[in-house]
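[1] Just the structure for this:
(chains A and B)
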Amino acid sequence: MTFLSQFAETAQTDTNLFSALGIDWRLLILQIVAFLILVAILGKFVYPWLMKQVDARQADIEAASTAAVQAQKLAQANQEKVAALLTEARKEAAEIVSTAKLESADMISVSEKRAQASAERIVAEAHDQLGKDIANARKQLHNDTLELVALATEKVVKAKLDKKADAELIETAVASSKAAK
Amino acid sequence: MASRLSRRRLATYIADGFVSGTPSKATLIEQLAGYLVESRRTKELGLIVRDIEYQLAEKGHLSATVTSAFDLGAQTLKTIEAYVKDTTSAEHISLTTLVDPDVLGGIKISLPGRENDQTIAHQLTVLKTRFKKV
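    Numbers count the residues shown, from 1 in each chain, chains lettered A, B, ... in the order given. Sure, this is the predicted structure:
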């Protein structure tokens, strides 16, 4: 109620509206002038620069966007290339693996043949060596037997031969020499 | 100093002396010994004796060495002498016996220039060497 009564009183004193509202109209004018001056200064010096910056920023953003699109396209193209390369690489890898398998099979075959030949050679050499060893052993046995026979004969003769038997032996030897002559 | 004589001449001289009997054997031996000492040829004594044996053998006087393991009886020696005479055609045989138990048995007859070895030791050596495989 007090608010409405105050407003009614203020409407009666129209001229003192600004003062009733607490506004100094001179100060208001000054502020309006100052505002206009500010707007003029901003319009002269700040807004063009600001707009220029905004335009430049917009241009940059558009360029970046364009570049991003191009990069995306390029990336997609690269991805396709990479995929193609990967496919090709897989094919080449498969070929290489296949070739390597064949080569390894060949190498294994050659190695097996060489190993077999080497084993056969070793066996043949072993047989030869064995034959030589057996022959040498037989020779050695023969010679040892001769030595043993001679030694045994010597022992037996020393033990058994007496003067009489020796005389008979000499007679026989002389007779055989005469016969041989 | 006496002139140097060949072994052959020395052997011939000594062998002739032995066969003829003049000078005596003792004198001949003394002469030979004196000559060898004077001419400093004592080292050749073995060779000269061998040459003398050769010369004597050529003249029918054979010196044979018989080696056996036991002493040889008279009968055996006669048999050996007859065998040597038969094989060499020598008129006079001089046997020198030698006992060597290492020959085991049998005899070895050594004549100038040759040897007839029929000992058991020799036959065993032949057995060991001739039939040995290399």
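
[2] low pLDDT regions in the chain?
    You didn't say which chain, so I picked chain A. A:1-15, A:181 (pLDDT under 70).

[3] was after chain B, sorry
    Residue ranges of chain B with pLDDT under 70: B:1-2.

[4] ok, how many other residues are close to residue 99?
    With no chain named, the answer covers chain A. Other residues near A:T99 number 10, with proximity taken as other CB atoms under 10 Å in any protein chain shown. Every C-beta, even on glycine, is put in place using the N, C-alpha and C of the backbone.

[5] The intended chain is chain B.
    In terms of burial, B:V99 registers 12 neighbours under the definition other CB under 10 Å.

[6] how close does it get to B:R114?
    Here B:V99 is placed at a distance of 22 Å from B:R114 (CB to CB, to the nearest Å).

[7] Check B:V49 too.
    Taking CB to CB as the measure, B:V49 and B:R114 are separated by 16 Å.

[8] B:E30 too?
    Between B:E30 and B:R114 the distance, using CB to CB, works out to 31 Å.

[9] Phi first, then psi, for B:K108.
    Dihedral angles of B:K108 (phi, psi; degrees, to the nearest 10) stand at phi -130, psi 120.

[10] which residues of chain A fall in helices?
    A:2-12, A:17-21, A:25-41, A:47-160, A:163-180 (DSSP state H).

[11] do chain B as well
    Under the criterion DSSP H, chain B carries helices at the ranges B:7-20, B:25-38, B:45-58, B:74-88, B:120-130.

[12] care to break chain B down by domain?
    Here chain B is described, according to automatic domain parsing, as comprising the domains B:7-57, B:61-130.

[13] hey, which of those domains is tucked in deepest?
    Most buried of these by mean neighbour count (mean count of other CB atoms under 10 Å in any protein chain shown) is domain B:61-130; its value is a mean of 17.

[14] so how many other residues sit close to A:A40?
    The local packing of A:A40 (other CB under 10 Å) involves 10 other residues.

[15] Would you mind listing the residues in contact with it?
    Under the criterion of CB atoms under 8 Å, 6 or more residues apart in numbering or on different chains, A:A40 has no neighbours.

[16] distance of B:E115 from chain A?
    Between B:E115 and chain A the distance is 13 Å, computed by CB to the nearest CB, to the nearest Å.

[17] Next, find the distance separating that residue from A:R57.
    138 Å.

[18] what does chain A have sitting close to chain B?
    Applying CB under 8 Å from any CB of the partner chain, we find that chain A lies next to chain B at A:139, A:142-143, A:146-147, A:149-150, A:153-154, A:157-158, A:161-163, A:165-167, A:169-171, A:173-174, A:177-178, A:181.

[19] where does chain B come near chain A, residue by residue?
    Applying the criterion CB under 8 Å from any CB, the portion of chain B that neighbours chain A consists of B:68-73, B:75-76, B:79-80, B:83, B:86-87, B:104-107, B:116, B:118, B:120-121, B:124-125, B:127-128, B:131-134.

[20] repeat that for 6 Å
    Taking CB under 6 Å from any CB of the partner chain as the test, the list of chain B residues beside chain A reads B:69-70, B:73, B:76, B:79, B:83, B:104-107, B:118, B:120, B:124, B:127-128, B:131-133.

[21] Which residue would you name as the spatial centre of chain A?
    By CA atoms, centre = their mean, the mean C-alpha position of chain A lies nearest to A:A93, the distance being 14.8 Å.

[22] so what's it up against?
    Going by CB atoms under 6 Å, 6 or more residues apart in numbering or on different chains, A:A93 touches no other residue.

[23] any idea how far A:L86 is from it?
    Distance, A:A93 to A:L86, by CB to CB: 10 Å.

[24] likewise A:E92?
    From A:E92 across to A:L86, the span is 11 Å (CB to CB).

[25] got it, and B:I120?
    B:I120 is 101 Å from A:L86, by CB to CB.

[26] got it, and B:R40?
    Distance of B:R40 to A:L86, computed by CB to CB: 113 Å.

[27] do B:I80 as well
    When CB to CB is applied, the distance between B:I80 and A:L86 equals 115 Å.

[28] How about A:D106?
    Using CB to CB, we find A:D106 at a distance of 30 Å from A:L86.

[29] Quick check: A:L36 vs chain B, distance?
    If you go by CB to the nearest CB, the gap between A:L36 and chain B works out to 142 Å.

[30] Next, count neighbours for that residue.
    Counted by other CB under 10 Å, the residues lying close to A:L36 total 10.

[31] tell me the contacts of it?
    Not one residue lies near A:L36 by CB under 6 Å, 6+ apart.
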